[in-house]
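Engineer: Based on what follows, work out the 3D shape:
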Amino acid sequence: MGMLHACFDLEPPFTTPHLMAGNDMSASFLWDVIGVGAATLDDLWLVPDFQATEGVHQALDHVTMGGGPVATALVVLAWLGSKTALVDICGDDVAGFAVTEELDRLGVHTAWVQRSPAATTTQAVVLVREPDGARQITFLPCSAGEPVLTEELVQGLQSARLLHLNGRHENLAREAVHLMQAVGGVISWDGGAGRYRDSIRELVEASHLRIVSREFAERYTGLKDLKAVMHALMAAPARLVVITDGIRGSYGWTGAGEIIHQPAHPVSRVVDTTGCGDVYHGAFLHGWLSGWDLSRCMEFASRLAAQNASGLGGRFVCHPQPGS
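Structural biologist: Next up, the predicted model:
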């Protein structure tokens, strides 16, 4: 299976968006995207079926790969040419070093991933059922607490074009939002299914690019009608809203004109949907940073997310494949 430029007819090399010709603000930014979020280590097993009783069963495939919504979005952005950095905290265990080693290898800056002695890093075992891609996930959360704001991180945020959040590390995220607001930076929000809670509402309200699941959107707004939900989510300072809705595709609006519907791209064989929403976010933000219109950003994000579902692991599309 080929890499992105072969599958989607892009022209490499990918140019860092803020250095593209015609952007007179290019000298202001040292970072394209800084993300605040939790990175995980996923152990994924492709199995013929789930088992209800104890026993020994043979798997069909296996991969160990990093995960986490913000971290994976940053991996996609780095793979497409952006300069990205993750803000997180992990343990000083084997899993923690595996997480940062992969991020470094895939181009994400990890100097702001702090380490907590004797703490454990988030790990998950994911069973993926081969016939339909259904998943069973068992995870051990990180015991390291929250990262802290350092002077180096303050300087980084003040020189970033975009801050990407999903509600993890709330206290630091609020401080990062205040710093971005002070310098006029852009804030992107990833609202995943099952992740809404009242304590993050002010972070959503501060964001400019709101890409959320339909379940998150309905809980945030208290509404069900798609058009009403879109109007509520477009409250200032929002510049655009995208609602993702699984196999029904995604819906986008900039506050003007009609709501855009992007159907989900077909996949000849769905292997694993782990990370597809995270890949969508990274691909969409790549388009936005590149100056694409909403429709083009959504179409590209949908295609890349579909490509990711054709293999095992949340970052499948970013890893070189045999024969690529």
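Engineer: Residue 203 looks like it's in a helix, true?
Structural biologist: Yes - using DSSP: H, G, I helix; E, B strand; the rest coil, the secondary structure at residue 203 is a helix.
Engineer: I'd say it and residue 174 touch.
Structural biologist: Yes - between residue 203 and residue 174 a contact is recorded at 6.9 Å, counting by C-beta atoms under 8 Å. C-beta here means a position set from N, CA and C on the backbone, and glycine is covered the same way.
Engineer: So the two - more neighbours on which side?
Structural biologist: residue 203 (20 against 17; other C-beta atoms under 10 Å).
Engineer: quick one: that one and residue 108, what's the gap?
Structural biologist: 22 Å (C-beta to C-beta, to the nearest Å).
Engineer: Ok, residue 303 next?
Structural biologist: From residue 303 to residue 108 the distance is 22 Å (C-beta to C-beta).
Engineer: same deal with residue 55?
Structural biologist: 39 Å.
Engineer: next one: residue 88
Structural biologist: If you go by C-beta to C-beta, the gap between residue 88 and residue 108 works out to 10 Å.
Engineer: Quick check: residue 317 touching residue 279?
Structural biologist: Yes - if you go by C-beta under 8 Å, residue 317 and residue 279 touch, sitting 6.1 Å apart.
Engineer: Identify the contacts common to the two.
Structural biologist: Common contact partners of residue 317 and residue 279 (C-beta atoms under 8 Å, 6 or more residues apart in numbering): 76, 304, 308.
Engineer: for the protein, what are the low-confidence residue spans?
Structural biologist: Along the chain, segments meeting pLDDT under 70 span 1-28, 322-324.
Engineer: in it, which spans are strands?
Structural biologist: Applying DSSP state E to the chain gives strands spanning 31-36, 40-47, 61-67, 84-91, 108-109, 113-116, 123-129, 135-140, 160-165, 186-191, 209-213, 240-244, 250-253, 260-262.
Engineer: closest one to residue 270 among the ones you listed?
Structural biologist: strand 123-129 (10.0 Å; C-beta to C-beta).
Engineer: partners of the closest one, with directions?
Structural biologist: strand 40-47 (parallel), strand 135-140 (antiparallel) (DSSP bridges).
Engineer: Could I get the buried residue list for the longest one?
Structural biologist: Just to be clear, that refers to strand 40-47. Residues of strand 40-47 classed as buried: 40, 41, 42, 44, 45, 46, 47 (neighbour count, 16 or more other C-beta atoms under 10 Å).
Engineer: Need those in JSON lines (columns: distance to residue 273).
Structural biologist: Formatted as JSON lines, those follow (distance: C-beta to C-beta, whole Å):
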{"residue": "40", "distance to residue 273": "16"}
{"residue": "41", "distance to residue 273": "19"}
{"residue": "42", "distance to residue 273": "13"}
{"residue": "44", "distance to residue 273": "12"}
{"residue": "45", "distance to residue 273": "15"}
{"residue": "46", "distance to residue 273": "13"}
{"residue": "47", "distance to residue 273": "15"}
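Engineer: and of those, the nearest to residue 151?
Structural biologist: Once C-beta to C-beta is applied, the member of the buried residues of strand 40-47 that ends up nearest residue 151 is residue 40, at 27.8 Å.
Engineer: for stretch 216-228, how far is the first residue from the last?
Structural biologist: 14 Å (C-alpha to C-alpha, to the nearest Å).
Engineer: now what about it, what contacts it?
Structural biologist: For stretch 216-228, using C-beta under 8 Å, 6+ apart, the contacting residues are 191-196, 201, 204, 212, 229, 232-233, 243, 251, 259.
Engineer: again, only this time at 6 Å
Structural biologist: Stretch 216-228 is contacted by residues 191, 196, 229, 232, 243 when judged by C-beta atoms under 6 Å, 6 or more residues apart in numbering.
Engineer: Going by distance to residue 100, which of those wins?
Structural biologist: residue 191 (26.2 Å).
Engineer: thinking again about what came up before, report the buried members of the contacts of stretch 216-228.
Structural biologist: 191, 196, 229, 243.
Engineer: In contact with residue 288, which residues are there?
Structural biologist: Counted by C-beta under 6 Å, 6+ apart, residue 288 has contacts residue 297.
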